[in-house]
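Peer 1: sequence plus predicted model, see below.
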Amino acid sequence: MRHLPYFCRGEVVKGFGRGSKELGIPTANFSEQVVESFPSDISTGIYYGWACVGNGDVHKMVLSIGWNPFYKNIKKSVETHIIHTFKEDFYGEILSIVIIGYIRPEKNFDSLEALISAIQEDIEEANRQLDLPEHLKLKDDNFFHLPEGKIVNSH
């Protein structure tokens, strides 16, 4: 994975509305403009890393890059599940992420339950990986400290 770690920042936009409602696993979505700014040869699949909303705390995250075969998306998406419970939605906020490692390729599932089970396993793997000392150090990267009052609309 020659693109890792990959640093990205962008505004949180409304996605398909499936993460929270159907899966019980809320995701923060980047705009098409941010998704298109990713390296064209970055592999689709499931990744792990760190995420920060605005100038808030840095949390573990698991992220999907691709077309979500179960839902047969037409457009590529980047959906971040922050491993933290937020009190409310944060549409319009700036999400900063550092993608550190790759978990698995995208794949289709026979049922919604199988998809949810795989996502739960991805979250467990992300938790394990991000507890390693070599990954913990990126949690404190200066990238996560936005300058006050500065509007940032890409990475």
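Peer 2: Okay, I see it. Residues are numbered from 1 along each chain as shown.
Peer 1: contacting residues for His145?
Peer 2: Asn55 (C-beta atoms under 8 Å, 6 or more residues apart in numbering). Placement of C-beta: from N, CA and C, glycine included.
Peer 1: where's it relative to Glu134, distance?
Peer 2: 21 Å (C-beta to C-beta, to the nearest Å).
Peer 1: ditto for Gly24
Peer 2: Separation of Gly24 from Glu134 (C-beta to C-beta) stands at 31 Å.
Peer 1: quick one, grab the pLDDT at Lys72.
Peer 2: What the model reports for Lys72 is a pLDDT of 61.
Peer 1: also Gly19?
Peer 2: Gly19 carries a pLDDT score of 60 in this model.
Peer 1: mind checking what secondary structure Ser117 has?
Peer 2: Using DSSP: H, G, I helix; E, B strand; the rest coil as the criterion, the local structure at Ser117 reads helix.
Peer 1: so Leu23 is in contact with Ile119, correct?
Peer 2: Yes - when contacts are counted by C-beta atoms under 8 Å, Leu23 is listed as touching Ile119 (6.8 Å).
Peer 1: neighbour count: these two, which is higher?
Peer 2: Looking at Leu23 and Ile119 with other C-beta atoms under 10 Å, you find the greater number of neighbours at Ile119, namely 20 against 15.
Peer 1: hmm, who's touching stretch 98-117?
Peer 2: Contact with stretch 98-117 is made by 1, 3-8, 22-25, 43-51, 62-64, 66-70, 118, 122, 125-126, 129-130, 135, 138, 141, 143-144, as judged by C-beta under 8 Å, 6+ apart.
Peer 1: weed out the non-buried ones from those.
Peer 2: Among these, those classed as buried by neighbour count (16 or more other C-beta atoms under 10 Å) are 5-6, 8, 25, 45-51, 62-64, 66, 68, 70, 118, 122, 125-126, 129-130, 135, 138, 143-144.
Peer 1: for the chain, longest strand please?
Peer 2: In terms of residue count, the longest strand belonging to the chain (DSSP state E) is strand 94-104.
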